[in-house]
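*Asks:* sequence and predicted structure, then a few things I'm wondering about:
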Amino acid sequence: MNKLKNKKVLVVGMGKSGVAVVQALIKLEAKVYVQDSKPKEAVNPQLIAFIEGKIEKMYFAEVPAVNEVFDILVLSPGVSPNIEFIEQAKMNGAEIIGELEIAYRVGKGNYVAITGTNGKTTTTTLVGEIFRNAGRKTYIVGNIGVAVISKSLMAEADSWLVTETSSFQLETIKYFRPRISAILNITPDHMDRHGNIRKYGEAKARIFENQGKDDYFIVNYDDKNLYAYTKHCKAKVIPFSRLEELPLGVFMKGDNITVKNQKGEMITICDKSQLQIPGSHNLENAIAAVAISYFAGIDSEIIIETLVNFLGVEHRMEFCGEIDGVRYINDSKGTNPDASIKAIEAIDGKIILIAGGYDKGSTFEEFVGAFNGKVKELILLGKTAEKIKETAEKMGFTNIVMVKDMEESVREAVEISEPGDTVLLSPACASWDMYDRFEQRGEHFKRCVSSLEQ
């Protein structure tokens, strides 16, 4: 039964997920309205052509009247639920949800939901590959760049939707219940939206809110503040650890990734040297992926084969080439200080670091502290450039170059670098001041590097 037919639904935000929701709601015969802060002329004309005549009304650079009544508002992840017209709609009786929640309601399939401050994309991609190699009908969706609703309507009862979930998406769930959930880590991020680390952590912890005793929650045992959330979890808790052997879960035994199951059996997966993704953070991601996959019932041989052949994901410690003895690494996915710290730690030798971007309310003391003699020059661009510069100088690091764009960043890096150095783009900030998304920033960096070889 189609419960959305003739329901008045306002989709807020016409990004990738918002457009996918509109397309789905049209198919489901809802009465669709759209709202976006951009003026109509700034919206893709193909989108306008597609929705005109198929929806009830468009609100571009405007909001609905105070007395307008909707059944449901579907918010895009970047839209805060605290905006005045959204709060007014709620007072008028509207249900406020997000794309993840509506995808879960209207589609089929089993969900693996993965969140955390860092490592989500790598872990989600790796888990998706393991599931596919196991012969399961698998969709890799969510914050990774594929709207969940675009695949949930295609899914069958035995399909698996391996879903990267953000704190923004989890803020607006109601009934969303994954078969397997995972939180990889929690460090300060999106403080401009959540206000403090406690509220950010609580948003992440909603991932297991609706799970029951037959579901699994995979959690980082080494992150003690995160692990404390397990006391609120009704699902089977499976810890993973890079630092300690555990009575149940996945951990390092010597140099081997090892599973200990509910029967007390020990299964060796592989030696960490067999992984092709560098750094201790990626070892942690691999351990988490093993935990998710093994406790989802996937054979250890398939997990091993996928793990040792996995090369990583685009824009996360992506090798872009070596020119005149200098290596170039694209880590545009490093959108917060902790992610960039992990990138710095993963590189051997001297680093010329390109950083800066949109300010999410982060502080940069730990980021600068991680330079630890490895970063020989810091190249800064974007809105946070001055903020990072002030922090670095207070901490005694003064080898800083301020630039206006990516082309100038790469030119400066070429001038400074010597054979054996690594030029690392790891911004420690979001991209929204200069780019629409981090992928666009990474592609620009790669084009700049490619031009050096011509």
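*Replies:* In hand now; what should we look at? Residues are numbered from 1 along each chain as shown.
*Asks:* and the gap between the residue nearest to residue 230 when sequence neighbours are not counted and residue 290?
*Replies:* Among residues not flanking residue 230 along the chain, residue 237 sits closest, at 4.9 Å (Cβ to Cβ, 6 or more residues apart in numbering). Using the backbone N, CA and C atoms, a C-beta is placed for each residue, glycine as well. Look at residue 237 and residue 290: by Cβ to Cβ, to the nearest Å, they are 16 Å apart.
*Asks:* who's more crowded, the two?
*Replies:* residue 290 (30 against 18; other Cβ atoms under 10 Å).
*Asks:* got a list of what the more buried one touches?
*Replies:* 240, 250, 257, 259, 269, 303, 307 (Cβ atoms under 8 Å, 6 or more residues apart in numbering).
*Asks:* what packs against the helix or strand where the fifth one lies?
*Replies:* When you say that, I think you mean residue 269. For residue 269, the host element (DSSP states H and E) is strand 266-271. On a contact count with 3 or more Cβ pairs under 8 Å, 6 or more residues apart in numbering; DSSP states H and E, strand 266-271 meets strand 249-253, strand 256-260, helix 300-309.
*Asks:* relative to strand 249-253, how tilted is it?
*Replies:* 60 degrees (axes from the mean of the first three to the mean of the last three Cα atoms, to 10 degrees).
*Asks:* buried stuff in the helix or strand just after strand 266-271?
*Replies:* Downstream of strand 266-271, the first helix or strand assigned by DSSP H and E is helix 280-295. For helix 280-295, a neighbour-count test (16 or more other Cβ atoms under 10 Å) marks 281-295 as buried.
*Asks:* which pair in those spans the largest distance?
*Replies:* Using Cβ to Cβ, the buried residues of helix 280-295 span at most 21.7 Å, a distance reached by 281 and 295.
*Asks:* need the contact list for the residue of the chain most remote from its centre.
*Replies:* Going by Cα atoms, centre = their mean, the residue of the chain most distant from its centre is residue 67, 36.5 Å out. Contacts for residue 67 (Cβ under 8 Å, 6+ apart) come out as residue 92.
*Asks:* just confirm it is within a strand.
*Replies:* No. Assessed with DSSP: H, G, I helix; E, B strand; the rest coil, residue 67 is coil; it does not lie in a strand.
*Asks:* let me see the ranges of the helices in the stretch 101-250 of the chain.
*Replies:* 120-133, 148-152, 167-171, 191-194, 197-205, 224-227 (DSSP state H, counting those that start in this stretch).
*Asks:* CA atoms only for the longest one - export them in PDB, please.
*Replies:* Only the C-alpha atoms of helix 120-133 are listed here, as PDB (Å, rounded to 0.1, in the frame of the first residue of the first chain):
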ATOM      1  CA  LYS A 120      33.200   6.100   6.900                       C
ATOM      2  CA  THR A 121      33.800   6.200   3.200                       C
ATOM      3  CA  THR A 122      36.700   3.800   3.200                       C
ATOM      4  CA  THR A 123      34.900   1.300   5.500                       C
ATOM      5  CA  THR A 124      31.600   1.600   3.700                       C
ATOM      6  CA  THR A 125      33.300   1.000   0.300                       C
ATOM      7  CA  LEU A 126      35.300  -2.000   1.700                       C
ATOM      8  CA  VAL A 127      32.200  -3.600   3.300                       C
ATOM      9  CA  GLY A 128      30.200  -3.100   0.100                       C
ATOM     10  CA  GLU A 129      33.000  -4.900  -1.900                       C
ATOM     11  CA  ILE A 130      33.000  -7.800   0.600                       C
ATOM     12  CA  PHE A 131      29.300  -8.200   0.400                       C
ATOM     13  CA  ARG A 132      29.300  -8.100  -3.400                       C
ATOM     14  CA  ASN A 133      32.100 -10.700  -3.500                       C
END
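*Asks:* run the chain-centre distance for stretch 277-289.
*Replies:* Computed by Cα atoms, centre = their mean, to the nearest Å, the chain-centroid distance of stretch 277-289 equals 15 Å.
*Asks:* give me the residues contacting it.
*Replies:* By Cβ under 8 Å, 6+ apart, the list of residues contacting stretch 277-289 reads 114, 118-119, 122-123, 126-127, 130, 182, 184-185, 218, 220, 222, 240-242, 250-252, 257, 272, 275, 307, 310-312, 317, 342-343, 345-346.
*Asks:* any buried residues in stretch 44-64, and which?
*Replies:* 51, 55, 58, 59, 60, 63, 64.
*Asks:* quick check: the first one touching residue 18?
*Replies:* Spelled out, it's residue 51. No. Using Cβ atoms under 8 Å, residue 51 makes no contact with residue 18, being 10.9 Å away.
*Asks:* and for these two, which residues touch both?
*Replies:* Common neighbours of residue 51 and residue 18 (Cβ under 8 Å, 6+ apart) are residue 34.
*Asks:* any low-confidence regions in the stretch 351-454 of the chain?
*Replies:* For the stretch 351-454 of the chain, residues meeting the criterion pLDDT under 70 lie at 454.
*Asks:* ranges for the strands of the stretch 101-250 of the chain?
*Replies:* Per DSSP state E, counting those that start in this stretch, the stretch 101-250 of the chain carries strands over the ranges 110-115, 138-142, 160-164, 180-183, 216-220, 236-241, 249-253.
*Asks:* in this protein, which segments are predicted with low confidence?
*Replies:* Looking at the chain by pLDDT under 70, you get 1, 188-195, 454.
*Asks:* could you chop it up by domain?
*Replies:* The chain resolves into domains spanning 8-99, 107-309, 318-452 when parsed by automatic domain parsing.
*Asks:* and of those domains, who's closest to residue 2?
*Replies:* The nearest among those, by Cβ to Cβ, is domain 8-99 at 5.7 Å.
*Asks:* number of nearby residues for residue 364?
*Replies:* 21.
*Asks:* now it: closest residue in space that isn't a chain neighbour?
*Replies:* That would be residue 391: by Cβ to Cβ, 6+ apart, it lies 4.4 Å from residue 364.
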